[in-house]
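Novice: take this sequence and fold it.
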Amino acid sequence: MVAGTAEQAPAGATSPAVERANRMSAANMIRSLVPLVVICLLLVAWQAFRASNEETVRTVDPTGTVQLAAARAGYEVQAPAGLPEEYRTTSARTDAGTAGEGDPVTLQLGYLTPSGEYAGFIASDDAGAEPVRAVLEGATEEGTVDVDGEPWTRLTTGRGETALTRESGEVVLVVTGSAPDDELREVAAAVRPAEG
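Specialist: Residues are numbered from 1 along each chain as shown. Alright, predicted model coming up:
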């Protein structure tokens, strides 16, 4: 044998390149991809499970809204204050920003209660304001309840929710929602003059 010459493959043997090409069939590629797809699906499912357990309630600070209403209203604005931290404020709205001198002002606050239900508060010097009408129109009076020495009228709204309401001069105060009565009473008990 002469040095430097390559050995020749025996007759009938296939080269490694041909063997590799023969193994690259569609079935082999699918078998290789299946474990990767399963791993990806498991990762997506795990992320979805983690996201479903995360807190999805967005809370807001109502201070600015309450202060704006108190500064612009022609009446002493009242709002819940000092509620336990389990009551999370989820919305705060007022039309005081567009109210002119002497115009009525309505304040609305929404809470997620400790039981995971909704409690809403409305204060307005306009009994015909849309938020007030939405709760009180068609409501059935159920009598009065005493909340820290103040009589509140208890009603059942057209949606079947409880509403507590009372008038303070020309101002209508409303506490309503899907929350149980004891939580609505707790919101009503926290109502006091707001600082403007």
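Novice: what does the average pLDDT come to for stretch 74-83?
Specialist: Stretch 74-83 comes out with an average pLDDT of 94.
Novice: which of the residues in that stretch are buried?
Specialist: For stretch 74-83, a neighbour-count test (16 or more other CB atoms under 10 Å) marks 75, 77-80, 83 as buried. Yep, even glycine has a C-beta here, placed from its N, CA and C like the rest.
Novice: pLDDT below threshold where in this structure?
Specialist: For the chain, the stretches with pLDDT under 70 are 1-12, 51-55, 196.
Novice: spatially central residue in it, please.
Specialist: Residue closest to the average C-alpha location in the chain (CA atoms, centre = their mean): Val57, at 3.8 Å.
Novice: walk me through the domains of this structure.
Specialist: The chain breaks down into these domains under automatic domain parsing: 16-52, 63-193.
Novice: which of the three states applies to Ala119?
Specialist: Following DSSP: H, G, I helix; E, B strand; the rest coil, the label given to Ala119 is strand.
Novice: neighbours of it, how many?
Specialist: When neighbours are counted by other CB atoms under 10 Å, Ala119 registers 27.
Novice: now Ser91
Specialist: Burial of Ser91 is recorded as 16 neighbouring residues (other CB under 10 Å).
Novice: list the residues that contact the closest residue to it other than its chain neighbours.
Specialist: Spatial nearest neighbour of Ser91, excluding adjacent residues (CB to CB, 6 or more residues apart in numbering): Gly110 at 3.7 Å. Listed by CB atoms under 8 Å, 6 or more residues apart in numbering, the contact partners of Gly110 are 89-92, 118-121.
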